[in-house]
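S.K.: no sequence on this one, just coordinates:
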């Protein structure tokens, strides 16, 4: 029978689990004031799941965090980038990192990174610190996809470029740091600039025309608007009205959808080149 005191201890354990993301080291739980008695009772009552020595999870905990704790790895590279809310165009499988001297079995169906981290990992970490993830992204995915992720991190101010500049970055990450800018509102804008920067005419982002900003002004008169999932309903009506106003002012307006950018780029590029010619 669970006493009132034990019930309160279990409530504290549940609250601590929530604060720690549902997966935690038992040492961390003890540091947070959870009693060993509460841990034993929770295990006996099925209120926590032992994962491996020193790690437990709450019922219904994040499956990626559970897997990371069970295997003794941290989520990193594009998987960590996605979890940080960054623009990730493709993620072929879960990406995890092991220490350079780690031993023992490793997860199947995952990309395992062994590089030494540039930022020290905390023993409680199940998701790599973002600088480590960005460094691995730089050497793991194609350049334009990596740049999308880096610019997304800068725009969201999740990393400080000045701090990164003082970090011992490998060459691929150092090049991305020099190239990335914090101004792209979306990954689509990053892709657009990367794919057309060979043009011999200026491509200016976020130009204010007819009372509203446009995504890009190419040369003096070609406006390109990149439409994400927000281009529906009332927003679409406002966008169409703005397009009409721009055309009355002598601008040529091209709208490019999300799927067009990612799946039909050659056709998009031809349309833009035809408008420039």
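M.R.: Perfect, thanks for sending it. Remember, predicted model here, so these are calculated numbers, not experimental data.

S.K.: just checking, residue 127 touches residue 73?
M.R.: No. Assessed by Cβ atoms under 8 Å, residue 127 is found out of contact with residue 73, at 10.6 Å. For the C-beta atoms, the positions are set from N, CA and C on the backbone; glycine is no exception.

S.K.: Which one's more surrounded, those two?
M.R.: Between residue 127 and residue 73, counted using other Cβ atoms under 10 Å, the more crowded position is residue 73 (23 against 20).

S.K.: Which pLDDT value goes with the more buried one?
M.R.: Residue 73 is assigned a predicted lDDT (pLDDT) of 93.

S.K.: And for residue 233?
M.R.: On pLDDT, residue 233 comes in at 67.

S.K.: same check, this time on residue 106
M.R.: On the pLDDT scale, residue 106 gets 66.

S.K.: try the one 4 residues further on
M.R.: If you check residue 110, the pLDDT there is 89.

S.K.: quick one: it and residue 68, what's the gap?
M.R.: Distance, residue 110 to residue 68, by Cβ to Cβ, to the nearest Å: 10 Å.

S.K.: Common neighbours of these two, please.
M.R.: residue 96 (Cβ atoms under 8 Å, 6 or more residues apart in numbering).

S.K.: more neighbours, these two?
M.R.: More neighbours surround residue 68 than the other of residue 110 and residue 68, with 27 against 17 (other Cβ under 10 Å).

S.K.: So for the more buried one, what's the nearest residue that isn't a sequence neighbour?
M.R.: residue 126 (4.5 Å; Cβ to Cβ, 6 or more residues apart in numbering).

S.K.: Any figure for the gap between that neighbour and residue 83?
M.R.: Counting by Cβ to Cβ, the gap from residue 126 to residue 83 is 10 Å.

S.K.: who's more crowded, these two?
M.R.: residue 126 (25 against 19).

S.K.: got the contact list for residue 17?
M.R.: 24, 29, 48, 58, 61.

S.K.: Please disregard the earlier target; I meant residue 132.
M.R.: Contacts of residue 132 were listed using Cβ under 8 Å, 6+ apart, and they are 76, 80, 97, 117-119, 121.

S.K.: List just the nearest of these to residue 213.
M.R.: Of all the contacts of residue 132, residue 213 sits closest to residue 80, with 31.5 Å by Cβ to Cβ.

S.K.: all strands for the stretch 1-150 of the chain, in order.
M.R.: Counting by DSSP state E, counting those that start in this stretch, one finds strands in the stretch 1-150 of the chain at the ranges 23-25, 49-52, 55-57, 74-75, 94-97, 110-113.

S.K.: quick one: which of those strands is nearest residue 184?
M.R.: It's strand 94-97; of the strands of the stretch 1-150 of the chain, that one is closest to residue 184 (Cβ to Cβ) at 23.2 Å.

S.K.: what's the average pLDDT for that closest one?
M.R.: So the average pLDDT for strand 94-97 ends up being 95.

S.K.: now stretch 21-32
M.R.: In this model, stretch 21-32 has an average pLDDT of 92.

S.K.: Name the residues that touch it?
M.R.: Looking at stretch 21-32 with Cβ under 8 Å, 6+ apart, the contacting residues turn out to be 13, 16-17, 19-20, 36, 39, 51, 54-58, 60-62, 65-66, 68-69, 123-124, 126.

S.K.: Could I have the buried ones of those residues as ChimeraX selection syntax?
M.R.: ChimeraX command restricting those to the buried ones, with burial defined by 16 or more other Cβ atoms under 10 Å:
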select :13,16,17,20,39,51,55,56,57,58,61,62,65,66,68,69,126
